[in-house]
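A.B. asks: here is my input; please provide its structure:
(chains A, B, C and D)
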4 protein chains.
Amino acid sequence: MDHNIKDRIRASFQAQSMMETLGAELSEISKGLVRITAPILPHTRQQQGLGHAGLTFSIGDSAAGYAALTLIPLDMEVVTAEIKINLLAPARGDCLIATGRVIKGGKRLSIVTAEVHAEADGEQTLIAILQGTMVPVPR
Amino acid sequence: MDHNIKDRIRASFQAQSMMETLGAELSEISKGLVRITAPILPHTRQQQGLGHAGLTFSIGDSAAGYAALTLIPLDMEVVTAEIKINLLAPARGDCLIATGRVIKGGKRLSIVTAEVHAEADGEQTLIAILQGTMVPVPR
Amino acid sequence: MDHNIKDRIRASFQAQSMMETLGAELSEISKGLVRITAPILPHTRQQQGLGHAGLTFSIGDSAAGYAALTLIPLDMEVVTAEIKINLLAPARGDCLIATGRVIKGGKRLSIVTAEVHAEADGEQTLIAILQGTMVPVPR
Amino acid sequence: MDHNIKDRIRASFQAQSMMETLGAELSEISKGLVRITAPILPHTRQQQGLGHAGLTFSIGDSAAGYAALTLIPLDMEVVTAEIKINLLAPARGDCLIATGRVIKGGKRLSIVTAEVHAEADGEQTLIAILQGTMVPVPR
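C.D. replies: Numbers count the residues shown, from 1 in each chain, chains lettered A, B, ... in the order given. The predicted structure is shown next:
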């Protein structure tokens, strides 16, 4: 895979202050697939002390968006037009792992999905699935 | 409106460390409607320096969830089963205002919507709409 | 409102054989709003004898799409990129009424919603809400 | 797989007059997966003569719902609480094939997905993906 694409995604990711706030990290970039991991930190929880849905959404949406970006010309960005999340189980554990995939790329729209797993004691549970649309825009 | 309900929602909101991280505040609680506001802080931005979609989602989802909670017996909580967000415009400005509403309450499912506006120089722009399902669960 | 726009929408509607199969009719066309009604016919039912979700979806989606088309240059069509439906109540009664509205028009994407009501004995019940994205394409 | 479950699903399917109107047929029933096929008939088309989005939705939603039903006690039915469809390509060809799958079953909610392919000259193209929530209800 083109190193320029990986570099661009890493640079874009680092420019998102929200990702740093959430403790999120890019853990994999390949053609049409991006993985982001984030610990469940004391300051990103919901009222029962579990990971907040906003954390799950943020890394799921970003993984899906960057997956779309791996297939797009270098002078373009993508923005989320819409995305839907189904939450399957509580975000319980040490960290969350979001895997974004491109279902269909395109010049006008990219259709993407993401899965988010929670990891506790080395075991992973699927806690959310997302399905959405990314739009390429000029940088 | 019952003060116990308002108190319960305020207590639940304060127990969400994510809301504090985002600088979010409960600005209105009435029957079937909850409003949450949040500044666009330096640490909740995306790569172009605008408010992050995760910020918009987090307060929209929470406003919708708490709107559902205003219509639910005091010994219950709600969790998001699913929610979809359409992003209409960039989150540009000083702060975001999320307004959650109940379309149809119910013992098993509550159908909710939310609108999120961005405020810049005193003017508001609709930047996102959400539509989702909340599920009452025992506390 | 421009008569050419109404004529174009009526012509497009009549070209959809599915609308005739469902017994659907265009009952209102105005700027950013289109209404479609359909009886609950013997051949468009689900297993309990109520209106099929596919009927509710079809007229809700079409009303939303044509609402978008009222704001688009005459040489363009729209197609549904994505749409989500929450079903609130069974489709019980004599007919369904779908009202599509444009939340935000645009050259690349139109964000739309629709409400579907069921009418029984002159009384209307909200049975579904939809939220989606229409894409203008050349005819 | 339990024959009673297959029989129940076939009986429910045959009771849906809409499925007959669309020419739809159950082509596979297994644990957590149901497949429905439908020809693109002259009376189920949109304005350009291609298969109508309501056709794609109807068989995708039904395949997902029946997939959920394969994992549910025999005295229960399921209804669609909500479902979202992303349309990837036009419904062009001889017939459509919808494959519904259960992502997570449950007593209160079943999370499901579906894919719809169009078949033309023996070749299949993915034209839609769906993600939704089914709710078990007493028969």
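A.B. asks: from A:His117, how far off is A:Leu126?
C.D. replies: From A:Leu126 across to A:His117, the span is 6 Å (Cβ to Cβ, to the nearest Å). Glycine gets a C-beta too; all of them are placed from N, C-alpha and C.
A.B. asks: and for A:Val78?
C.D. replies: Distance from A:Val78 to A:His117, by Cβ to Cβ: 23 Å.
A.B. asks: for these two, indicate the residue with more neighbours.
C.D. replies: When A:Val78 and A:His117 are compared on other Cβ atoms under 10 Å in any protein chain shown, the one with more neighbours turns out to be A:Val78, at 22 against 19.
A.B. asks: so what pLDDT did the more buried one get?
C.D. replies: As predicted, A:Val78 sits at a pLDDT of 94.
A.B. asks: again, but for A:Lys107
C.D. replies: At A:Lys107, the predicted lDDT confidence score is 84.
A.B. asks: next: A:Gly32.
C.D. replies: 97.
A.B. asks: and it, backbone torsions?
C.D. replies: The phi and psi torsions at A:Gly32 (degrees, to the nearest 10) take the values phi 80, psi 10.
A.B. asks: then A:Arg8?
C.D. replies: Here is the backbone geometry of A:Arg8 (degrees, to the nearest 10): phi -60, psi -40.
A.B. asks: quick one, what contacts A:Trp71?
C.D. replies: Wrong residue type there; residue A:71 is Leu, not Trp. For A:Leu71, the contact set (Cβ atoms under 8 Å, 6 or more residues apart in numbering or on different chains) comprises A:31-32, A:102, A:105, A:110.
A.B. asks: do any residues in the longest helix seen in chain A lie close to chain D?
C.D. replies: In terms of residue count, the longest helix belonging to chain A (DSSP state H) is helix A:53-69. No. On the criterion Cβ under 8 Å from any Cβ of the partner chain, helix A:53-69 is out of touch with chain D, staying 12.1 Å away.
A.B. asks: next secondary structure element downstream of that helix?
C.D. replies: Tracing the chain C-terminally past helix A:53-69 and defining elements by DSSP states H and E, one meets strand A:76-87 next.
A.B. asks: in space, what's closest to the most centrally placed residue in chain A - neighbours in sequence excluded?
C.D. replies: Compute the mean C-alpha point of chain A, and by Cα atoms, centre = their mean the closest residue is A:Ala63, 2.2 Å away. Distances taken as Cβ to Cβ, 6 or more residues apart in numbering or on different chains put A:Gly100 closest to A:Ala63, at 3.2 Å, once the chain neighbours are dropped.
A.B. asks: same thing with A:Lys107?
C.D. replies: The spatially closest residue to A:Lys107, leaving aside those adjacent along the chain, is A:Pro136, at 6.9 Å (Cβ to Cβ, 6+ apart).
A.B. asks: now do the SS call for A:Ala11.
C.D. replies: The three-state label given to A:Ala11 by DSSP: H, G, I helix; E, B strand; the rest coil is helix.
A.B. asks: quick one: pLDDT of it?
C.D. replies: Value listed for A:Ala11 in the pLDDT field: 95.
A.B. asks: circling back: who are the packing partners of the longest helix of chain A?
C.D. replies: Other helices and strands packing on helix A:53-69, by 3 or more Cβ pairs under 8 Å, 6 or more residues apart in numbering or on different chains; DSSP states H and E, are helix A:3-14, helix A:17-21, strand A:33-39, strand A:76-87, strand A:95-104, strand A:110-120, strand A:123-138, helix B:53-69.
A.B. asks: ok, now with 6 Å
C.D. replies: With contacts defined as 3 or more Cβ pairs under 6 Å, 6 or more residues apart in numbering or on different chains; DSSP states H and E, the packing partners of helix A:53-69 are strand A:33-39, strand A:76-87, strand A:95-104, strand A:110-120, strand A:123-138, helix B:53-69.
A.B. asks: highest mean neighbour count out of the ones you listed?
C.D. replies: helix B:53-69 (a mean of 28; mean count of other Cβ atoms under 10 Å in any protein chain shown).
A.B. asks: what angle separates that helix from strand B:110-120?
C.D. replies: 130 degrees (axes from the mean of the first three to the mean of the last three Cα atoms, to 10 degrees).
A.B. asks: so where's chain A uncertain?
C.D. replies: Scanning chain A for pLDDT under 70 picks out nothing.
A.B. asks: enumerate the residues of it near chain D.
C.D. replies: Taking Cβ under 6 Å from any Cβ of the partner chain as the criterion, chain A approaches chain D at residues A:84, A:86, A:88, A:104, A:111, A:131.
A.B. asks: out of those, which are close to chain B?
C.D. replies: A:84, A:86.
A.B. asks: now the residues of chain A next to chain D in CSV, with distance to D:Thr70?
C.D. replies: Below are the residues of chain A next to chain D laid out as CSV (distance: Cβ to Cβ, whole Å):
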residue, distance to D:Thr70
A:Lys84, 24
A:Asn86, 19
A:Leu88, 18
A:Lys104, 28
A:Ile111, 27
A:Gln131, 22
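A.B. asks: pick out the most distant pair among the residues of chain A next to chain D.
C.D. replies: Largest separation among the residues of chain A next to chain D by Cβ to Cβ: A:Leu88 and A:Lys104, giving 23.9 Å.
A.B. asks: show me the one of the helices and strands packed on helix A:53-69 that comes nearest B:Gly23.
C.D. replies: Nearest of the helices and strands packed on helix A:53-69 (Cβ to Cβ): helix B:53-69, 9.3 Å.
A.B. asks: I'd like the distance from the closest one to the chain centre, please.
C.D. replies: 2 Å (Cα atoms, centre = their mean, to the nearest Å).
A.B. asks: that helix relative to helix B:3-14, how many degrees between them?
C.D. replies: Going by the same axes, to 10 degrees, helix B:53-69 makes 160 degrees with helix B:3-14.
A.B. asks: can I get the CA coordinates of helix B:53-69 in CSV?
C.D. replies: This file holds the C-alpha atoms of helix B:53-69, laid out as CSV (Å, rounded to 0.1, in the frame of the first residue of the first chain):
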residue,chain,number,x,y,z
ALA,B,53,-18.7,14.6,14.9
GLY,B,54,-18.3,12.6,18.1
LEU,B,55,-19.1,15.8,20.1
THR,B,56,-22.2,16.4,18.0
PHE,B,57,-23.3,12.8,18.3
SER,B,58,-22.6,12.6,22.1
ILE,B,59,-24.8,15.5,23.1
GLY,B,60,-27.5,14.7,20.5
ASP,B,61,-27.7,11.1,21.7
SER,B,62,-27.7,12.2,25.4
ALA,B,63,-30.4,14.8,24.8
ALA,B,64,-32.6,12.2,23.1
GLY,B,65,-32.0,9.6,25.8
TYR,B,66,-32.8,12.0,28.6
ALA,B,67,-35.9,13.2,26.8
ALA,B,68,-37.1,9.5,26.8
LEU,B,69,-36.2,9.3,30.5
